[in-house]
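Colleague: quick one: sequence plus predicted model below, questions after.
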Amino acid sequence: LKNQGNVLPLRKDMRSILVTGPGATEVESLNSRYGPSALDVVSILDGIRQKLGPGVQVQYTKGSEFVDAGFPESEILPVLPNSQEQAEIERAKNLAQQADAVIVVLGENRDLVGESRSRTSLDLTGFQLKLAQAVHDAGKPMVVVLMNGRPLTINWIDRFVPAIVETWWGNEFFGSAVADVLFGDYNPSGKLTITFPKTVGQIPYNFPYKRGSQIRTENLNAQEKKTMVNGPLYPFGHGLSYTIFRYSDLSIAPAVQKPDGTIQVSLDVENTGARAGDEIVQLYISDEVTSVIYYESVLRGFERVSLMPGEKTRVRFTLGPQDLMLLNRNMQWVVEPGRFQVLVGASSEDIRLRGAFEIR
């Protein structure tokens, strides 16, 4: 989700590293009654230790539990940590000061996510945020790893922690896979299929969304900007890589088409970074004028491309009538005449190339 200053991937030749947080040793949540169960799941802590071997001192302390004793009421009436809980947070901070880097594993377990487990808030539960803040004060390179079943409003972490990795809930070799990402043996390429809000006050917050339902920050008036937190924390389609991709040379043909025709969209994608990696190129369209209230934009294609450093490839999409249709006021699926914007990018908000075509 974030990699400021290229903190990730971490070096494997560090002298010592601290792993903390309630998710570091969590494995019970990774066995599901909807899939394989009774597995010997690799925790994130074990995956890191296996990755680094005996040459690196991997320190561990839990730091905090997932919830505090006052949960769930503490979501609206916060409580302070008791002396034992505060001592554990301080222990994590002290160990962080002695380490070369810190990995903090935060989020949720199966007691917090699932059927009949709705919540009042999307903030981190318990004293997890206090743990992250205390460890951050140690001043060492820091990575927050999230393991969770819903979007979380991690605004402080997003603002102050340089690197954030979203893992959701894995399965048997979960910890090994996370370690591969953290230490650069795998270059991540995943993209969000949901939107992370900044606050529950924005919910429902989703993609795609109808025009006027989710105002863009640049469209707020002067007074609204003084009183309203706006925009997603992380938008639909967001996800980073350890390399850099450049988009260029957008082609849209034909420029004018009949309602039953097709549109060919193509572009070049080049890996301009130093690592091999995969990019997921996303194609969105926006029907500029519609007879009914319609979506601001919709995803109409995506392609994964694997590129070596310096390699370039041509990515192609075909748009047909089914991609342009809407349900009109007579409950008929139709392609309406008019101008359609073509938006190609790395997420629903990170649009790299723009063009248009017309249906007559």
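Modeller: That came through fine.

Colleague: which residue ranges of the stretch 151-300 of the chain form strands?
Modeller: Assigned by DSSP state E, counting those that start in this stretch, the stretch 151-300 of the chain shows strands spanning 163-166, 245-253, 256-257, 263-271, 277-287, 298-307.

Colleague: could I get these as TSV with mean pLDDT, distance to residue 349 and mean neighbour count?
Modeller: For the C-beta atoms, the positions are set from N, CA and C on the backbone; glycine is no exception. Shown next, in TSV, are those (pLDDT from 0 to 100; distance: least, C-beta to C-beta, whole Å; neighbours: other C-beta atoms under 10 Å):
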stretch	mean pLDDT	distance to residue 349	mean neighbour count
strand 163-166	98	17	22
strand 245-253	98	15	15
strand 256-257	97	27	16
strand 263-271	98	18	19
strand 277-287	98	10	21
strand 298-307	98	12	16
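
Colleague: mind putting those strands into TSV with distance to residue 10?
Modeller: Output for the strands of the stretch 151-300 of the chain, formatted as TSV (distance: least, C-beta to C-beta, whole Å):
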stretch	distance to residue 10
strand 163-166	9
strand 245-253	22
strand 256-257	50
strand 263-271	22
strand 277-287	17
strand 298-307	24
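
Colleague: and those: which comes nearest residue 87?
Modeller: Closest approach to residue 87 among the strands of the stretch 151-300 of the chain is made by strand 163-166 (26.9 Å; C-beta to C-beta).

Colleague: can you name every helix or strand that that closest one contacts?
Modeller: strand 2-3, strand 142-147, helix 174-182 (3 or more C-beta pairs under 8 Å, 6 or more residues apart in numbering; DSSP states H and E).

Colleague: outside of the last one itself, list whatever touches it.
Modeller: When contacts are taken as C-beta atoms under 8 Å, 6 or more residues apart in numbering, the neighbours of helix 174-182 outside the stretch itself are 8-10, 30, 41-48, 50-51, 103, 143, 145, 165, 167, 170, 185-186, 188.

Colleague: next: the shortest one.
Modeller: Around strand 2-3, the neighbours that count as contacts under C-beta under 8 Å, 6+ apart are 158, 161, 162, 163, 164, 240, 242.

Colleague: cool, stretch 296-305 as well?
Modeller: Residues outside stretch 296-305 that contact it (C-beta under 8 Å, 6+ apart): 189, 191, 207-211, 214, 236-237, 265, 269, 278-286, 313, 315, 317, 319, 323, 341, 343, 348.

Colleague: pull out the CA atoms of that stretch and give them to me as PDB.
Modeller: In PDB, the C-alpha atoms belonging to stretch 296-305 read as follows (Å, rounded to 0.1, in the frame of the first residue of the first chain):
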ATOM      1  CA  GLU A 296     -18.600   8.100 -12.800                       C
ATOM      2  CA  SER A 297     -16.400   5.500 -14.400                       C
ATOM      3  CA  VAL A 298     -16.400   1.700 -14.700                       C
ATOM      4  CA  LEU A 299     -13.600  -0.900 -15.000                       C
ATOM      5  CA  ARG A 300     -13.900  -2.500 -18.400                       C
ATOM      6  CA  GLY A 301     -10.600  -4.500 -18.700                       C
ATOM      7  CA  PHE A 302      -7.300  -5.400 -17.000                       C
ATOM      8  CA  GLU A 303      -4.200  -7.200 -18.100                       C
ATOM      9  CA  ARG A 304      -1.300  -8.500 -16.200                       C
ATOM     10  CA  VAL A 305       2.100  -8.100 -18.000                       C
END
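
Colleague: can we start the residue count at 670 from this point?
Modeller: Okay, residue one is now 670; in that scheme the one you just asked about reads as stretch 965-974.
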